[in-house]
Structures are given as C-alpha cells and as structure tokens.
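Novice: for reference, the sequence and a predicted model appear below.
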Amino acid sequence: MFPDRAASRRTHRPHLDPYAMENLRFIRETIERSGSFTAVSGRGGVLMGLTALAAAGIAAHQASPQAWLATWMLAALVALGIGAWSIARKARAANLPLLTGPGRKFALSLSPPLVAAALLTAVLYYGGLTAAIPGMWLLLYGAGVVTGGAFSVKVVPVMGVCFMALGTATLFSPAAWGNAFLAAGFGGVHIVFGTLIARRYGG
C-alpha cells in the first residue's frame, strides 16, 4: 500500500504559534499603511467638533446673516488651525513626513474642494443665497475628505461620505435647519469619527 500523500500533507502542515501570527499581522498592516497618510488626528477631530458645536450655539442667536456668517467663518479658521496643529503633532510623534509622499497627496487632494467652498461662500453671500451656504460647506468639505482620505486610513473617506450625505440633505431641507445641520456635521460627525480614529489609530 502506498501512503496517502494528501493525508501526509495534512499531517505535516506547518503550525504557526500565536506570536508568529501576530508578527505576520503586524507586517501586513505595516505594508498596507506604507502608502497611507496615518497622521490624521482623532483628538484634533474631536476638538474641531467641539468648536463647531460652540459656533452653532453662538450663531443661532445672531440677529443678521452677516453676524451668523462671521461666527461660522471664525469657527472655520479656528478649526483649520486645530486640524493643522494636531496633524503636525501626530506626524512628528510618528516620524511621518508632512510635505512628501502620502502627506503631500493628502493635502493636495483635500485643498481644492476647500478653496472652492471659500470662493462659493463669497458668491452665494453677495448673490443673496446665504441659505445655500450650509449645504455647500458640508458637501464640499465632505468631497475634500473623501478625496484626501483616499491616501489615508479607511475610516476617513467614510467620514467624508457622511458629510456629503448631510450636505445633500441640507440643500433640500428648509433654510431654517441649516445651522442644526452644520452642528450635526462639523460638530457631531467630527466628534464621532474623531473618537473612532483616536481609539483605532493612536491619537
């Protein structure tokens, strides 16, 4: 009788201990992230969200569209500073380059929709279409996060899609809901995903 070769292969199948499996998992994740910008800061996102919630509360009590817009524009500048600072801090801690490789691709992909949003803000405001600004902000910010997120961890583009969905809903909702949608998007979505990123991807 000849030995059953299939049975022999099953009997002599190599066994990997848990330590080796953990090392292989680490190597695989490192390779997957080597082309990704992983310095997106979850804690920074939470701070940006809290800034937006404060801005929404203040903006809701403004008597004029000019004061409402000025409140949100100031909040946007503060959030931009928080985002840039937190990303730079996380990148330094992880020894990741900001201006080359995935970091450069992330910035170049994120920036055009934000520039477009700034220009359209002026156009809509001077055209008397202030009610369309909240939906446009959420939609274009989400588009920037989706395109920039293509060079980051997987959860970032998902966050961008949530912003785009909220922006779309805002554009087809009563104008009076705009401030609440901004609070839900720039506040709530940032806080939820910021917390998730901080827990899963280290800060």
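Specialist: Great, that's in hand. A quick note: this is a predicted structure, and the numbers were derived from the prediction, not measured. Numbers count the residues shown, from 1 in each chain.
Novice: switch to C-alpha atoms for all contacts and neighbour counts from now on
Specialist: Will do.
Novice: by mean pLDDT, point me to the weakest helix or strand of this structure.
Specialist: helix 5-11 (a mean of 51; mean pLDDT, DSSP states H and E).
Novice: what residues does the strand or helix carrying Met164 touch?
Specialist: Element membership for Met164, per DSSP states H and E: helix 155-171. Helix 155-171 has contacts (Cα atoms under 8 Å, 6 or more residues apart in numbering) with 132, 134-150, 177-178, 181, 185, 189, 193, 197.
Novice: okay, that helix in PDB with CA atoms only?
Specialist: Output of helix 155-171 as PDB, limited to C-alpha atoms (Å, rounded to 0.1, in the frame of the first residue of the first chain):
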ATOM      1  CA  VAL A 155     -12.300  55.400   8.000                       C
ATOM      2  CA  VAL A 156     -11.500  58.900   6.700                       C
ATOM      3  CA  PRO A 157     -13.300  58.500   3.300                       C
ATOM      4  CA  VAL A 158     -16.300  57.100   5.200                       C
ATOM      5  CA  MET A 159     -16.400  60.200   7.300                       C
ATOM      6  CA  GLY A 160     -16.300  62.300   4.100                       C
ATOM      7  CA  VAL A 161     -19.300  60.400   2.700                       C
ATOM      8  CA  CYS A 162     -21.200  61.200   5.900                       C
ATOM      9  CA  PHE A 163     -20.500  64.900   5.400                       C
ATOM     10  CA  MET A 164     -21.600  64.700   1.700                       C
ATOM     11  CA  ALA A 165     -24.800  63.000   2.700                       C
ATOM     12  CA  LEU A 166     -25.600  65.700   5.300                       C
ATOM     13  CA  GLY A 167     -24.700  68.400   2.800                       C
ATOM     14  CA  THR A 168     -27.100  66.900   0.300                       C
ATOM     15  CA  ALA A 169     -29.900  66.700   2.900                       C
ATOM     16  CA  THR A 170     -29.200  70.300   3.900                       C
ATOM     17  CA  LEU A 171     -29.600  71.600   0.400                       C
END
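Novice: what about the most centrally placed residue in the chain, distance to Gly187?
Specialist: The residue lying closest to the centre of the chain (Cα atoms, centre = their mean) is Val156, at 4.4 Å. The span separating Val156 from Gly187 equals 16 Å under the rule Cα to Cα, to the nearest Å.
Novice: with Val146 instead?
Specialist: Taking Cα to Cα, one finds Val146 at 18 Å from Gly187.
Novice: now Ala118
Specialist: 19 Å.
Novice: the more surrounded of those two?
Specialist: Neighbours per residue (other Cα atoms under 10 Å) separate Ala118 from Gly187, with Gly187 holding more: 24 against 14.
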